[in-house]
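[1] Need a 3D model of the following:
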Amino acid sequence: MTMANRAYIVTQQPVVKSALAGTAEWARLACKHSDGSLWNNGTFVHRDIRNRPGTISNHARGLAMDLSYRWLNQKKLGKVDGRKTSLAFIEKCLENADHLGIQLVIDYAMQRSWRCDRGTWQPLLSVEVSDWWHIEIDPHVANDPIIAKQRWQAVFGALPTPSTTEAIKPV
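    Residues are numbered from 1 along each chain as shown. So this is what the prediction gives:
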């Protein structure tokens with residue numbers, strides 16, 4: 001796992017007026033590379049932390065995302081074994097947390113959090129059990145979709161694109 005060698009800086013960042021392009025790209029690539037086990041449950045929203053009035057959510061800073069592993073068959077989102085598949089994927093991401101710019105991951109199902117300044121999981125107290133990962137990323141990555149894409153490609157490789165012959169099906 002990544003060494004605890006980076007300061008956690010998300011809460012020192014400003015609130016933004018709209019979504020950050022790098023965060024959107026990071027979330028998109030996480031969903032694509034997770035073998036369909038994750039889907040974007042939300043990124044930017046200007047609000048307080050749930051049950052903590054007056055404390056701004058890091059979603060309002062444009063650096064946070066919620067990636068769900070809930071299986072919604074009718075909407076074609078997630079997988080039956082989404083938790084298990086996404087857990088292995090998140091562990092791989094955390095092995096490369098420095099490069100991917102991961103600052104924080106909250107695992108609501110296990111009521112624990114991983115942070116870049118400690119590089120390990122710690123229990124959380126008094127959190128709702130939910131079926132998604134809360135992930136916060138470094139502003140350098142969050143502000144630049146090209147950097148986000150380059151970081152993902154360096155760790156996971158390029159996403160496969162259908163070739164012309166695969167896209168054309170014989171009748």
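
[2] going forward, measure contacts between C-alpha atoms and count neighbours the same way
    Will do.

[3] buried stuff in stretch 49-67?
    56, 57, 58, 59, 60, 61, 62, 63, 64, 65, 66, 67 (16 or more other Cα atoms under 10 Å).

[4] Please disregard the earlier target; I meant stretch 22-35.
    22, 23, 24, 25, 26, 27, 28, 29, 30, 31, 33, 34.

[5] Let me see the contact set for the residue lying closest to residue 11 once chain neighbours are set aside.
    Using Cα to Cα, 6 or more residues apart in numbering and skipping residues adjacent in sequence, the residue nearest residue 11 is residue 58, 6.9 Å away. By Cα atoms under 8 Å, 6 or more residues apart in numbering, the residues touching residue 58 are 10, 11, 49, 64, 136.

[6] Would you mind checking which of those residues is nearest to residue 92?
    When the contacts of residue 58 are compared for distance to residue 92 (Cα to Cα), residue 136 wins out at 16.0 Å.

[7] ok, the closest one - how many residues close by?
    26 (other Cα atoms under 10 Å).

[8] ok, and the helix or strand in this protein with the lowest average confidence?
    In the chain, no helix or strand scores lower on mean pLDDT, DSSP states H and E than helix 164-167, which sits at a mean of 47.

[9] Just want the most central residue of the chain.
    Geometric centre of the chain, nearest residue: residue 135, 4.3 Å, by Cα atoms, centre = their mean.

[10] No further questions, thank you.
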